[in-house]
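# the following comprises the amino acid sequence and a computationally predicted model.
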Amino acid sequence: METISLSPQLIKDLQILQQDEIDSYHTYLRLASITPDENNRKLLQKIAHQEIVHYNTWKRYTLVDVQPNWLKVHFYYWIARLFGLTFGVKLMEKSEEKAQDDYRHHLNQIPEIEKVLEEEEVHENQLLNMINEESLRYAGSVVLGLNDALVELTGALAGFTFAFQNTSLIALAALITGISASFSMAASEYLSTKAEAGEQDPRRSALYTGFAYILTVVLLVLPYLLFPNYIVALGVALLIAISIIAVFNYYLSVAKDFPFSKRFLEMTAISLGVATVSFLLGLVVRQAFGIDI
């Protein structure tokens with residue numbers, strides 16, 4: 001191979017790809033070393049092997065060794081530890097894919113790039129999708145808990161806000177409503193999962209649904225305990241609801257390759273729509289029954 005024909009800019013671009021490969025290699029090895037599941041550990045080691053093969057491919061052109069960016073390695077390592085293995089490694093791969101897309105115009109100069117990119121896009125993605133992670137197996141239960149809590153409680157909060165116009169009473173009513181509904185949802189999920197007789201454990205499904213519901217309830221009610229003005233509290237609660245929808249849908253868009261925009265807009269529209277109807281209902285109830293608390 002005659003490297004003399006490669007331009008300085010091309011060498012620099014290849015070193016960026018080389019950097020991504022060596023960073024990913026060390027991240028996968030670190031994650032593999034602390035992964036208890038044998039199947040997941042072998043998958044991570046296999047992907048790490050591919051990354052170092054790709055690194056050496058670029059090295060044959062650049063003729064230099066690139067040192068790992070340990071800050072980046074630690075960052076993705078802890079992202080995977082905190083938010084789940086699948087989310088962490090897929091987030092890292094998306095970053096690497098972006099860099100690769102930027103250099104596709106070099107295909108004519110280096111034919112090997114096409115083969116490497118194909119392996120990255122097809123084979124590694126197949127391996128990543130084989131990772132067995134409990135939190136993703138029960139993502140449907142979490143979605144159920146979040147969806148119901150967001151829709152029901154944003155509506156209830158809006159209705160209570162303009163019916164009671166007192167933050168303490170609103171918080172009390174919402175907590176009673178939310179916690180009662182969380183137990184009801186968890187019980188329904190338990191019975192539903194048990195009736196399906198699938199691979200999921202009914203108790204775990206119920207636990208994930210109930211926990212997601214209660215967590216959402218606590219976050220949405222919190223503004224009413226912090227702000228004395230009920231209008232401000234409602235506004236903050238709605239912002240929290242939108243934030244929860246955004247964060248959770250971003251998580252699923254990375255971990256399970258779901259479309260972000262469509263799901264985010266759909267959930268937001270439903271939650272805010274129900275809140276608007278409940279707001280109007282609260283005003284009607286207050287006027288019709290002469291409630292003055």
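That came through fine. Here the structure is a predicted model, which means the values were calculated and not measured. Residues are numbered from 1 along each chain as shown.

# name the element Ile110 belongs to?
Per DSSP states H and E: Ile110 is located in neither a helix nor a strand.

# how about it, phi and psi?
With angles defined as degrees, to the nearest 10, Ile110 shows backbone torsions of phi -130, psi 90.

# for it, which residues are in contact?
Contacts of Ile110 were listed using Cβ atoms under 8 Å, 6 or more residues apart in numbering, and they are 10, 14, 61. C-beta: built from backbone N, CA, C; applies to glycine.

# switch the cut-off to 7 Å
Applying Cβ atoms under 7 Å, 6 or more residues apart in numbering to Ile110 gives the contacts Tyr61.

# show the pLDDT at it.
With respect to pLDDT, Ile110 has a value of 76.

# now it: how far from Gln15?
Distance, Ile110 to Gln15, by Cβ to Cβ, to the nearest Å: 13 Å.

# pull out the buried positions in the helix or strand containing Lys90.
Secondary structure assignment for Lys90, by DSSP H and E: helix 85-102. Within helix 85-102, the residues that count as buried by 16 or more other Cβ atoms under 10 Å are 85-93, 96-97, 100.

# out of those, who's nearest Ser205?
Thr86 (18.7 Å; Cβ to Cβ).

# surely the closest one touches Val254?
No: when contacts are counted by Cβ atoms under 7 Å, Thr86 is not listed as touching Val254 (8.4 Å).

# looking at stretch 239-251 now, give me its mean pLDDT.
On average, stretch 239-251 scores 86.

# please apply the same query to stretch 204-219.
Averaging the model's pLDDT scores along stretch 204-219 yields 85.

# using PDB, write down the CA coordinates of that stretch.
Only the C-alpha atoms of stretch 204-219 are listed here, as PDB (Å, rounded to 0.1, in the frame of the first residue of the first chain):
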ATOM      1  CA  ARG A 204     -41.700  -8.000  37.900                       C
ATOM      2  CA  SER A 205     -44.000  -6.600  35.300                       C
ATOM      3  CA  ALA A 206     -46.300  -5.300  38.100                       C
ATOM      4  CA  LEU A 207     -43.300  -3.900  39.900                       C
ATOM      5  CA  TYR A 208     -42.000  -2.000  36.900                       C
ATOM      6  CA  THR A 209     -45.500  -0.600  36.100                       C
ATOM      7  CA  GLY A 210     -46.200   0.400  39.700                       C
ATOM      8  CA  PHE A 211     -42.800   2.000  40.200                       C
ATOM      9  CA  ALA A 212     -43.000   4.000  37.000                       C
ATOM     10  CA  TYR A 213     -46.400   5.200  38.000                       C
ATOM     11  CA  ILE A 214     -45.500   6.200  41.500                       C
ATOM     12  CA  LEU A 215     -42.300   7.900  40.400                       C
ATOM     13  CA  THR A 216     -44.300  10.000  37.900                       C
ATOM     14  CA  VAL A 217     -46.900  10.900  40.500                       C
ATOM     15  CA  VAL A 218     -44.200  12.100  43.000                       C
ATOM     16  CA  LEU A 219     -42.500  14.300  40.300                       C
END
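
# run through who's touching it.
By Cβ under 7 Å, 6+ apart, the residues outside stretch 204-219 that reach it are 138, 141-142, 144-146, 148-150, 153, 175, 178-179, 181-183, 185-187, 189-190, 193, 240, 244.

# next, the buried residues of that stretch.
Of all the residues in stretch 204-219, those buried under the rule 16+ other Cβ under 10 Å are 204-210, 212-217, 219.

# tell me which of those fall in strands.
For those, membership in strands holds for none, with DSSP state E as the criterion.

# all set, thanks.
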